[in-house]
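Structural data only, the sequence is not supplied:
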DNA sequence: AGTCCATGAATTGCATGCAACGTGCCAATC
DNA sequence: GATTGGCACGTTGCATGCAATTCATGGACT
């Protein structure tokens, strides 16, 4: 069960496992998530078929699957393009991520194994080192690893899959999240509170802080959004209210 | 954007809109959700192609999409069957639904329009009438309508889509949820508290009560699960802890 | 000069044919 | 008698051909 590439793929398992369609789907998804395929890029069936040395059929199936995952947008008889999200859609996604990851973190605070806790502390320490070195790339990697560890810590495949696939869908839009060091240290401080709360099994603090942390991340990302100019950019959509229970 | 049948299909719009693949996908999904296709049923490409009077290609694409949505399970070179969930998977799904719908309800408490509030009250009143009449079918319908109204009240397409598609995936497993009237009146009382809280814009009570309401619903459903016998049924899996922040 | 229509190129959507994989059964052997 | 090997069938997976829809460009008419 569980939809996407996360459960299906043994990480980096020698390329070309399973059916051609799934393989093509994974490879395209990787390129989109890694930002090698910019949003708005046209995805032509014959071109892709040629690139991957397969026929059009598996490419078609891969594109349909990617469309359902939300990574590409397919218009009838008009082909597919890499999904370009409007600022409004991005806000909705971040809000959903905040809800999902906060719920994951709350469960993780009660269910994480000792190994999970150790991994979490290590990723956080790595983040501190990256921050002190002013290495944005490295901090970004540590950030992703930390969040992934917490998400998996809820031990609920359904929640894990939804949170992970949502993260993938917005990943290419948050490359510049930590371009200023101020946001980086702010993020690190927020991480510290969350990690402490999880280690203390404090579900209330964990939930509240993870949620507000992700709302901060949303603001940091969408502030930079208008610079893209690729989307309708509905005039800096007013952020809907964010109740903190 | 947004994956599934919910946004794509104008409800009951004359059958056969859009591409054949999407149409076939919707029709199969409907039959699964409505319980006309029992979990475990074998889905043969040629048989389905004959039934819908199309070729195998659109059927193939439809099955792939359904597999990603989690409604069918596809094993390589072995065909597809209607997804049969184990008790453990069902628990995970209910937990995810509880988190998602509680979040939706919290936002709905602040964002619902007056029309939404009126619709919510009406569905709740319909539920009361059904309960007093002892009509389980009718209460079930009112229950679905009430929850759908609250979910849509969050005005976040991403959250709405995730919550709705999750509900669809488990819908065929909860037909017998209210088979005893005790659970029905219990459910109604819980609804009353939630509706009141939403009308009062009380985000904290809304969130807490919706979450515990859905956890109750989970217990009511999975208690009946072993009777199905179609799944491994991992010996009445111990319910994981449910922190209430 | 502007607008509308028509025709053409390109791309997707669907159908069918062929090959490969997995399954079930039967028989031969230990 | 049980187990294993092989064979045949059915089903999925992929490739290719044809039809339908869409967009663009050019011409003619107002």
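The structure has been received and is ready for your questions. Please read these numbers as outputs of a predicted model, since none were measured by experiment.

which residue packs closest to the residue most central in space within chain A, ignoring adjacent ones?
With distances taken as CA atoms, centre = their mean, the residue of chain A nearest its centroid is residue A:167 (1.8 Å). Leaving aside its chain neighbours, residue A:167 sits nearest to residue A:97 (6.6 Å; criterion: CB to CB, 6 or more residues apart in numbering or on different chains). C-beta coordinates here come from the backbone N, C-alpha and C atoms, glycine included.

Would you confirm that that neighbour belongs to a helix?
Yes. Note on residue A:97: a helix contains this position according to DSSP: H, G, I helix; E, B strand; the rest coil.

So for stretch A:100-116, mean pLDDT?
Mean pLDDT, stretch A:100-116: 97.

Where does the prediction get shaky in chain A?
Low-confidence segments of chain A (pLDDT under 70): A:1-17, A:175-176, A:222-245.

the strands in it, which residues?
Counting by DSSP state E, chain A has these strands, from start to end: A:42-43, A:72-75, A:79-82.

Now render those as JSON lines, adding distance to residue B:181 and mean neighbour count.
Below are the strands of chain A laid out as JSON lines (distance: least, CB to CB, whole Å; neighbours: other CB atoms under 10 Å in any protein chain shown):
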{"stretch": "strand A:42-43", "distance to residue B:181": "54", "mean neighbour count": "15"}
{"stretch": "strand A:72-75", "distance to residue B:181": "47", "mean neighbour count": "17"}
{"stretch": "strand A:79-82", "distance to residue B:181": "51", "mean neighbour count": "18"}
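
Of the ones you listed, which is nearest residue A:160?
Among those, strand A:72-75 comes nearest to residue A:160, with 23.0 Å by CB to CB.

distance between the closest one and the chain's centre?
Relative to its chain's centre, strand A:72-75 lies at 20 Å (CA atoms, centre = their mean, to the nearest Å).

Need the contact partners of that strand.
A:28, A:32, A:43, A:63-64, A:66-67, A:80-84, B:1 (CB atoms under 8 Å, 6 or more residues apart in numbering or on different chains).

Tell me how chain A divides into domains.
A:16-82, A:87-227 (automatic domain parsing).

How about the residue lying farthest from the centre of chain A, nearest residue that isn't a chain neighbour?
Distance to the chain centre peaks in chain A at residue A:55, reaching 30.5 Å (criterion: CA atoms, centre = their mean). Closest residue to residue A:55 apart from its sequence neighbours, by CB to CB, 6+ apart: residue A:49 at 6.0 Å.

Please tell me I have it right and that neighbour contacts residue A:59.
Yes. The pair formed by residue A:49 and residue A:59 meets the contact definition of CB atoms under 8 Å, at 4.8 Å.

who's more crowded, the two?
Higher neighbour count among residue A:49 and residue A:59: residue A:59, with 26 against 17, using other CB atoms under 10 Å in any protein chain shown.

still on that earlier bit, might you report the residue contacts of the residue nearest to residue A:167?
A:163, A:166, A:167, A:170, A:214.

Tell me how far residue A:76 lies from residue B:171.
Per CB to CB, to the nearest Å, residue A:76 is found 28 Å from residue B:171.

which one of those two has more residues nearby?
Between residue A:76 and residue B:171, counted using other CB under 10 Å, the more crowded position is residue B:171 (14 against 8).

Might you report the residue contacts of that one?
Residue B:171 sits next to B:33, B:35 when contact means CB under 8 Å, 6+ apart.

Give me the buried positions along stretch A:37-52.
Neighbour counts over stretch A:37-52 (16 or more other CB atoms under 10 Å in any protein chain shown) mark A:37, A:39, A:43, A:45, A:48, A:49, A:52 as buried.

Quick one: distance of it to the chain centre.
With CA atoms, centre = their mean, you get 22 Å for stretch A:37-52.

and the end-to-end length of it?
15 Å (CA to CA, to the nearest Å).

Now do the end-to-end distance for stretch A:109-119.
End-to-end distance for stretch A:109-119: 14 Å, by CA to CA.

That one near chain B anywhere?
Yes. Against chain B, stretch A:109-119 shows contacts by CB under 8 Å from any CB of the partner chain at A:109, A:110, A:111.

so can I have CSV of the residues you listed showing distance to residue A:201 and neighbour count?
Output for those, formatted as CSV (distance: CB to CB, whole Å; neighbours: other CB atoms under 10 Å in any protein chain shown):
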residue, distance to residue A:201, neighbour count
A:109, 5, 26
A:110, 6, 17
A:111, 10, 17
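
Report the contact partners of the closest residue in space to residue A:214 that isn't next to it in sequence.
Spatially, and ignoring its direct neighbours in sequence, residue A:214 is nearest to residue A:98 (3.8 Å; CB to CB, 6+ apart). Listed by CB under 8 Å, 6+ apart, the contact partners of residue A:98 are A:210, A:211, A:214, A:215, A:218.

any idea how far residue A:98 lies from DNA strand D?
Note on residue A:98: its distance to DNA strand D, by CB to the nearest atom of the strand, to the nearest Å, is 36 Å.

What of residue A:138?
From residue A:138 to DNA strand D the distance is 38 Å (CB to the nearest atom of the strand).

now do residue A:102
Distance check for residue A:102 against DNA strand D: by CB to the nearest atom of the strand, it reads 38 Å.

what's the closest non-adjacent residue to that residue?
Closest to residue A:102 by CB to CB, 6+ apart is residue A:211, at 4.0 Å.
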